[in-house]
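Asks: Fold the following and give me the result.
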Amino acid sequence: MRLSTLFFFSFACIASVHALVVQNNITVDTAASQWHAFADEVVPQAPSSWAHPGVMINRAQLGFVKNKVAVGAQPWSSAYRAMLDHELASPTRNPKPTATVECGPTSTPNKGCTEERQDALAAYANALAYYFSGEASYATKAISYMNAWAHTIKAHTNSNAKLQTGWAGASWARAAEIVRHTYSGWRAADISAFEGMLRNVYLPVVIKGSNSNGNWELVMLEAAVGISVFLEDSASYNTAMQKFMGRVPAYVYLQKDGAYPKAAPGSGLDTKDKIISYWQGQPTFLANGISQETCRDFTHTGAFPPYLHIAETSRIQGNDLYTGDVGERLRYALGFHAQFEMGASKPDWLCPNRNLNKGLGPITEVGFNAMHNRLGYGMTNTENLAKQTRPAGSNYLFMGWETLTHGDNTA
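Replies: Below you'll find the model as predicted:
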C-alpha cells in the first residue's frame, strides 16, 4: 500500500478565491482557505516501494523539462543554456577530492571545502545535462566526480563540518539518483563505493541534526533524506523526516502557534527570553511567515530551499506535505520575505533597531511551483520575485538551476 493511502485528513474545502492580503502592514501571499494542519497530525514514513529517481526531482519532471528544452520553450531553454554555460558544468573542469575536508568558521581554514561543494554541484549539473541531452559524455563526467570523492574522502573536521557535510551530501544524492537510475554505464563496483561514502562519511553526521541555527539542521536533513532515498534506508529516512517535522514550526512562525514560535524538540529553548534570543532578538510576532533567521540576514534565511527540497522529495516518495502545515508555512514564508527582497518597507515592529539584510538567492522556484502551479494558491509576491530572478543559477553551496528543473513544472 502506498504511504499516501495511510493518512486521512478531514479538511474543509479550499475556497476558490485566492488573494494577497495585508497583515499588520505587511502583504503576505495567502489564499482564502478554511483549513490548516499541524505538524503533529502527520508522521511521514518511508514508502513501501521507493520511487527512483526520487530525490527532489522524478522521472516525470525530468521528462517534462527534456521535452520543453527540445522544442526551445521558455523559460526552460534559456535556463538549460545558462546551466551548460556555467563554470561548474565545464567539460574541462576536473574533480579535486580531499581525504579529510577541514572547514572552520566561514570556511577558515578551507581545506577541500569549496572543492567538495562545487564538485558535488558539478556532478548534479552534468547529471541533468545528460538526461536532457542524452549525451553520454555528461553522464561520464558526473560519474568522474562521484567516483573521485567516493574513493578518497574519509571525514569532515572542524567547526563547520556538519554544515559542510549537509551542503555536499544534498548535491551528491541528487546527482547520484539521476545517474544511477537513468544511465547504465556507472559500474557496480563504483556505485558500491559511492554508497559506502554516503553511508559511512555523510549519513552518520547529518542524521543527528543540529541545535545550531535552523539553516544548519535543514540542509543536514535534506542530505539525510536524499541519502536515505539513494540507499533505500527506511530507518534513516524516518529519523530524518521526524526531525524535519519538529524543525519546521521552529523555523517559520505562524500566528496559530501563539504569541511566540515553537521550539524544536530537544533544543532546550524553554523560556520566552531564550526563544527571542534564538530568533535574533525579534521580540514580537505579528505576521505569518517570519523565519528564525529573518533578523540575522536573508542569505541565511535562504535555508528555505532545503525545507522545499525535503517536501518535494517526500511528495515524490508518496507523502505530499505541501497540503498541510509544512506547505502553509512555506507559502507564508516565501511571500513574507519576497516582498522585502523586492523593496517593500520594513515595519517598525520587525527586527527593531536594525535594517533587513537582503539577499535571498535563487530560492523561489520549487515552492512557487508546488504551491501555486500544483495547488492553486495565489502567490503574487513570490511569483514576482521568481520572474525577476530567472533563470535561477547556483549559490555554489547546494542549490542549482531550479528554474530549469522546477520552474512551472507541473509534471
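Asks: Please identify the helix or strand for residue 384.
Replies: Assigned by DSSP states H and E, residue 384 falls within helix 380-388.
Asks: State the next helix or strand along the chain beyond that helix.
Replies: The first helix or strand that comes after helix 380-388 along the chain, using DSSP H and E, is helix 402-406.
Asks: residue boundaries of the strands in the protein?
Replies: For the chain, the strands defined by DSSP state E occupy 18-23, 26-31, 54-55, 57-58, 100-103, 110-111, 155-157.
Asks: Confidence-wise, which of the ones you listed is weakest overall?
Replies: Note on the strands of the chain: lowest mean pLDDT is at strand 18-23, with a mean of 44.
Asks: ok so, going back, alpha carbons only: can I get the helix holding residue 384 in CSV?
Replies: Below are the C-alpha coordinates for helix 380-388, written out as CSV (Å, rounded to 0.1, in the frame of the first residue of the first chain):
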residue,chain,number,x,y,z
THR,A,380,1.9,37.4,-6.1
ASN,A,381,5.0,38.3,-4.1
THR,A,382,6.7,35.0,-4.7
GLU,A,383,5.7,35.0,-8.4
ASN,A,384,7.1,38.5,-9.0
LEU,A,385,10.4,37.6,-7.3
ALA,A,386,10.7,34.3,-9.2
LYS,A,387,10.2,36.0,-12.6
GLN,A,388,12.7,38.8,-11.7
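Asks: list the helices and strands it packs on?
Replies: Packing partners of helix 380-388 (3 or more C-beta pairs under 8 Å, 6 or more residues apart in numbering; DSSP states H and E): strand 26-31, helix 325-341, helix 365-368. For the C-beta atoms, the positions are set from N, CA and C on the backbone; glycine is no exception.
Asks: ok, of these, where does mean pLDDT dip lowest?
Replies: Of all these, mean pLDDT reaches its minimum on strand 26-31 (a mean of 54).
Asks: low-confidence ranges in the protein?
Replies: 1-43 (pLDDT under 70).
Asks: mind redoing it with 50?
Replies: Within the chain, the segments meeting pLDDT under 50 span 1-22, 24-25, 30-40.
Asks: What's the separation between residue 127 and residue 299?
Replies: Per C-beta to C-beta, to the nearest Å, residue 127 is found 27 Å from residue 299.
Asks: what does residue 263 give?
Replies: Here residue 263 is placed at a distance of 24 Å from residue 299 (C-beta to C-beta).
Asks: cool, and residue 376?
Replies: As judged by C-beta to C-beta, residue 376 and residue 299 stand 31 Å apart.
Asks: So for these two, which residue has more residues nearby?
Replies: residue 299 (15 against 12; other C-beta atoms under 10 Å).
Asks: which ones are touching that one?
Replies: Contacts for residue 299 (C-beta atoms under 8 Å, 6 or more residues apart in numbering) come out as 357, 359-361.
Asks: Kindly report the same for residue 365.
Replies: Applying C-beta under 8 Å, 6+ apart, we find residue 365 in contact with 386, 392, 402-403, 405-407.
Asks: Look up the closest residue to it, ignoring the ones flanking it.
Replies: Excluding its sequence neighbours, the residue lying closest to residue 365 (C-beta to C-beta, 6 or more residues apart in numbering) is residue 402, at 4.0 Å.
Asks: separation between that neighbour and residue 104?
Replies: As judged by C-beta to C-beta, residue 402 and residue 104 stand 29 Å apart.
Asks: Just want to know which of the two has more residues nearby.
Replies: A direct count of neighbours by other C-beta under 10 Å for residue 402 and residue 104 places residue 402 higher, at 29 against 15.
Asks: just checking, the more buried one touches residue 368?
Replies: No. Assessed by C-beta atoms under 8 Å, residue 402 is found out of contact with residue 368, at 9.9 Å.
Asks: residue contacts, residue 115?
Replies: Residue 115 sits next to 95-98 when contact means C-beta under 8 Å, 6+ apart.
Asks: okay if I get the residues you listed as CSV plus distance to residue 141?
Replies: Shown next, in CSV, are those (distance: C-beta to C-beta, whole Å):
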residue, distance to residue 141
95, 10
96, 14
97, 15
98, 20
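Asks: Let's have those residues in a markdown table, adding neighbour count.
Replies: Output for these, formatted as a markdown table (neighbours: other C-beta atoms under 10 Å):
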| residue | neighbour count |
| --- | --- |
| 95 | 19 |
| 96 | 15 |
| 97 | 17 |
| 98 | 18 |
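Asks: now, among those residues, which is nearest to residue 45?
Replies: Closest to residue 45 out of the contacts of residue 115 is residue 97 (35.0 Å), distances taken as C-beta to C-beta.
Asks: With adjacent residues omitted, what lies nearest to that closest one?
Replies: Closest to residue 97 by C-beta to C-beta, 6+ apart is residue 152, at 3.8 Å.
Asks: Right, I'll call it a day here.
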